[in-house]
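> Here is a sequence with its predicted model. Questions after.
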Amino acid sequence: MTLDQLKLGQQARITCLHGDGPLTQRLMALGLLEGTRVSMLRRALGGDPLEIDVMGYALSLRKAEAKQIDIELT
């Protein structure tokens, strides 16, 4: 399952980030690391962007970015 598939209010743990370019480095710098817990806060109309809670702060991501992050529900 990927982060873009998480439903409102659901919580998950990051299992893997795909890619090795600057985007992946940016996501990791923002706290999206393997083992980090996240929860879905809200989605914009049309589903893009989405807002997640990660380490106590709200982070907005594009749907394409969220598709690169594998998760497992907690």
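Alright, I've got the coordinates.
> where's the residue of the chain positioned farthest from its centre relative to residue 27, distance?
Each residue of the chain has a distance to the centre, and by Cα atoms, centre = their mean the biggest one is for residue 45: 17.7 Å. Applying Cβ to Cβ, to the nearest Å, the value for residue 45 to residue 27 is 24 Å. Backbone N, C-alpha and C define where each C-beta goes, glycine included.
> follow-up on the earlier one: contact partners for the residue farthest from the centre of the chain?
Residues near residue 45 by Cβ atoms under 8 Å, 6 or more residues apart in numbering: none.
> in a strand, that's where residue 58 is, yeah?
Yes: under DSSP: H, G, I helix; E, B strand; the rest coil, residue 58 sits within a strand.
> And it, how far from residue 20?
27 Å.
> Next: residue 33.
When distance is defined by Cβ to Cβ, residue 33 is 14 Å away from residue 20.
> which of the two has more neighbours?
Remark: of residue 33 and residue 20, residue 33 carries more neighbours, 13 against 8, as counted by other Cβ atoms under 10 Å.
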